[in-house]
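Q: Below: sequence and its predicted model.
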Amino acid sequence: MSSRIYDCIAAIADVIEENKDFLTDLDREIGDADHGVNMARGFHAVREKLPKDDPDIGAALKKTGMTLLSTVGGASGPLYGTAYMDAGKVAAGKTEITAEDFGEMLKAAIAGIQKRGKAERGEKTMLDSLIPAYETYTEKVAGGADLVTALEAACEEARKGIEFTKTIRATKGRASYLAERSIGHQDPGATSATLTLETILKFLKG
Amino acid sequence: MVGIVIVSHSAKIAEGIKDLALQMAHDYDGIYAAGGMEDGSIGTDAVRIMNAIREADKGDGVVVFGDLGSGIISAEMAIDMLDGEGINVKIADAPIVEGVIVAAVEASIGSDLNRIIEESEKTRDFRKIQ
């Protein structure tokens, strides 16, 4: 029997693999055409290296982050690597998480990405999906919503965040070389971040 | 002696710059190339970079040169992961080819870390055509 956390991360790996060409095509428009290929390579390695039966959520996220660091290859390696590792620190030793825990994990992941990428909201990055998703998530939880209900609302905001990235120019990453020409295209990082949240939601709904 | 780590998306670029720098500083053996991914593909790998920094450190510190994009982010990640090991390591904000050559020459004559960074960062202003 594999653990819940293994199954959840394996589900994310599946979705990244299914969307490999889509993410790479998005990145071809405004970047170096490697986001999907890189992420798929990273999550393929995660699936190989992650212990199937360890239920420790913190340990699994840490292992996922470390693996992404050394196998993704592009900037999304250290960015997602830091996000998973920092979320893992919040969940250290836990085999179950509450709605509040998940909010703290999301917060830690976002802080890690911001520190690593030196980026703010509004720069056409994954933060444009993750930050509004986090804000809505914590609002809903504060209002008494459970994890799944709050995450459902968060995913909606993350999708709006993707749409927002179409309207702005990139000032970080490879797309910033294109300046005004990056407007009109959605950000591949915001897209993969949203896919991740949606997959966690789908997994939790069963 | 200060060590040098070259970070590039391409293993060939990192090795090539190392060869080029050693032409100028042939007695110096402190350059470590951390280019590409373990499987040979294009990309940067923070763990590989971290290991290269450890190897390059002989006690006097290490200067790291990166190419573009994740070359720098992965190097920063590697340095953060070495926190607590007491290695004095800094990233030079310099063009990778010119910067490494100047750093190798400075390191080979025994300059300290700060001086090597200062001298290699001056290459940002080198004009190629007068």
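A: That came through fine. Residues are numbered from 1 along each chain as shown, chains lettered A, B, ... in the order given.

Q: Check the gap between A:K107 and chain B for me.
A: 19 Å (Cβ to the nearest Cβ, to the nearest Å). C-beta coordinates here come from the backbone N, C-alpha and C atoms, glycine included.

Q: Strands of chain B, start to end?
A: B:3-8, B:31-35, B:62-66, B:89-91 (DSSP state E).

Q: Same list (the ones you listed) but as a markdown table, adding mean neighbour count and distance to B:E98.
A: A markdown table is the format used below for the strands of chain B (neighbours: other Cβ atoms under 10 Å in any protein chain shown; distance: least, Cβ to Cβ, whole Å):
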| stretch | mean neighbour count | distance to B:E98 |
| --- | --- | --- |
| strand B:3-8 | 28 | 13 |
| strand B:31-35 | 24 | 15 |
| strand B:62-66 | 27 | 10 |
| strand B:89-91 | 19 | 16 |
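
Q: would you turn the ones you listed into JSON lines with distance to chain A and mean pLDDT?
A: JSON lines is the format used below for the strands of chain B (distance: least, Cβ to the nearest Cβ, whole Å; pLDDT from 0 to 100):
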{"stretch": "strand B:3-8", "distance to chain A": "12", "mean pLDDT": "98"}
{"stretch": "strand B:31-35", "distance to chain A": "12", "mean pLDDT": "98"}
{"stretch": "strand B:62-66", "distance to chain A": "12", "mean pLDDT": "98"}
{"stretch": "strand B:89-91", "distance to chain A": "13", "mean pLDDT": "98"}
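
Q: quick one, which of those is nearest to A:L50?
A: Each of the strands of chain B has some distance to A:L50 by Cβ to Cβ; the shortest is strand B:31-35, at 25.6 Å.

Q: Skip the chain neighbours and tell me the closest residue to A:D14.
A: Excluding its sequence neighbours, the residue lying closest to A:D14 (Cβ to Cβ, 6 or more residues apart in numbering or on different chains) is A:T199, at 8.0 Å.

Q: Look at the closest residue to chain A within chain B and report its pLDDT.
A: Closest to chain A within chain B is B:G43: 2.2 Å, counting by Cβ to the nearest Cβ. pLDDT for B:G43: 94.

Q: and the residue nearest to A:D14, helix, strand or coil?
A: helix (DSSP: H, G, I helix; E, B strand; the rest coil).

Q: now swap in the one 5 residues further on and tell me
A: With three-state DSSP as the basis, the three-state label of A:L204 is helix.

Q: what's the nearest residue to it if we skip its chain neighbours?
A: Once flanking residues are discounted, A:L204 sits nearest to A:V148: 5.3 Å by Cβ to Cβ, 6+ apart.

Q: how far does the helix or strand encompassing the one you found sit from the chain's center?
A: Assessed by DSSP states H and E, A:V148 sits inside helix A:147-167. Relative to the centre of its chain, helix A:147-167 is centred 12 Å away, using Cα atoms, centre = their mean, to the nearest Å.

Q: Off-centre distance for stretch B:42-62?
A: Distance of stretch B:42-62 from its chain centroid, counting by Cα atoms, centre = their mean, is 9 Å.

Q: Can you list the buried residues in that stretch?
A: Neighbour counts using 16 or more other Cβ atoms under 10 Å in any protein chain shown place B:42-54, B:56-57, B:60-62 of stretch B:42-62 among the buried residues.

Q: tell me how far the ends of that stretch are from each other?
A: From its first residue to its last, stretch B:42-62 covers 24 Å (Cα to Cα, to the nearest Å).

Q: Now B:E38. Its backbone dihedrals?
A: phi -60, psi -30 (degrees, to the nearest 10).

Q: Checking the residue lying closest to B:D45 once chain neighbours are set aside next. Helix, strand or coil?
A: Computed as Cβ to Cβ, 6+ apart, the closest residue to B:D45 that is not its neighbour in sequence is A:S70, at 4.7 Å. Following three-state DSSP, A:S70 is assigned to helix.

Q: measure A:S70 to A:G31 for me?
A: 21 Å (Cβ to Cβ, to the nearest Å).

Q: looking at it, the residue of chain B closest to chain A is touching A:S76, isn't it?
A: No - using Cβ atoms under 8 Å, B:G43 is not in contact with A:S76; the gap is 10.2 Å.

Q: who touches both of those two?
A: A:N38 (Cβ atoms under 8 Å, 6 or more residues apart in numbering or on different chains).
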